[in-house]
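Trainee: Based on what follows, work out the 3D shape:
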Amino acid sequence: MSGVLAAQGDAHRPSDVLNTLKRLGFGAVVSVPDGWLGKILIRIEHEPTMRLVRATHEEEALAIACGLRLGGVRTALLVQNAGVLSMGAGMVSLAQRYQFPLLMLVSYRGTPDDPVFYHVPKGRATEPVFRGVGLSYACVDRHRPIGPQVEHAATFAEEASCPFALLLSREDIQW
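Mentor: Predicted structure coming up:
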């Protein structure tokens, strides 16, 4: 059993996230950059099977992601939890109302693992706000491989026809 855990620990989690998105046929990733997301965004930008769309604000990113999805492109949204907190109106009046199956990969800032103190209030508010607006979500289990967790989140979004947020730690997305 310890050999299995060691093998899982050796996996490069951000590479697994990107490889899972490619394997599942995601054609676009829409993002508003965050310090944790910088290098994975560069990798996505250089990926020939995906298009990276950079937005200036999270609610704009949500609208772009919904538009791409409406056009038939399987789309992921890659943002910080504070960004999801700021897209409340768009989330309930667009993405949820019209049942867009969007995979949201969300950097979970403000947890005890995040050493930056000014993110703490965002971390405290994240899950209660997600529950309050009815956003389906899950926190990544760092003791399990990340690829199947991303796939499960994407499958949930598709089958439930709704946005689904997968809350990621720094080790999951920071190259």
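Trainee: Name the SS class of Ala165, please.
Mentor: Classification of Ala165 using DSSP: H, G, I helix; E, B strand; the rest coil returns strand.
Trainee: what's near enough to touch it?
Mentor: Residues near Ala165 by CB atoms under 8 Å, 6 or more residues apart in numbering: 84, 104, 106, 130, 135-138, 153. (C-beta placed from N, C-alpha, C; glycine too.)
Trainee: Can I get the buried part of those as one ChimeraX selection?
Mentor: Buried subset of the contacts of Ala165, written as a ChimeraX selection, criterion 16 or more other CB atoms under 10 Å:
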select :84,104,106,130,135,136,137,153
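Trainee: what's the closest of the contacts of Ala165 to Leu52?
Mentor: Nearest to Leu52 among the contacts of Ala165, counting by CB to CB, is Met104 at 15.6 Å.
Trainee: Can you tell me the element the closest one falls in?
Mentor: Element membership for Met104, per DSSP states H and E: strand 103-107.
Trainee: okay, now Gln96: neighbour count?
Mentor: Gln96: 18 surrounding residues under other CB atoms under 10 Å.
Trainee: swap that for Gly88, please
Mentor: By the criterion of other CB under 10 Å, Gly88 has 15 neighbours.
Trainee: who's in contact with it?
Mentor: 129, 133.
Trainee: Ok, Val32 next?
Mentor: By CB under 8 Å, 6+ apart, the contact set of Val32 is 54-58, 60-61, 79-80, 83.
Trainee: again with Pro101
Mentor: Pro101 neighbours (CB under 8 Å, 6+ apart): 69, 157-158, 160-164.
Trainee: Under a three-state scheme, what state does it occupy?
Mentor: Secondary structure assignment for Pro101 (three-state DSSP): coil.
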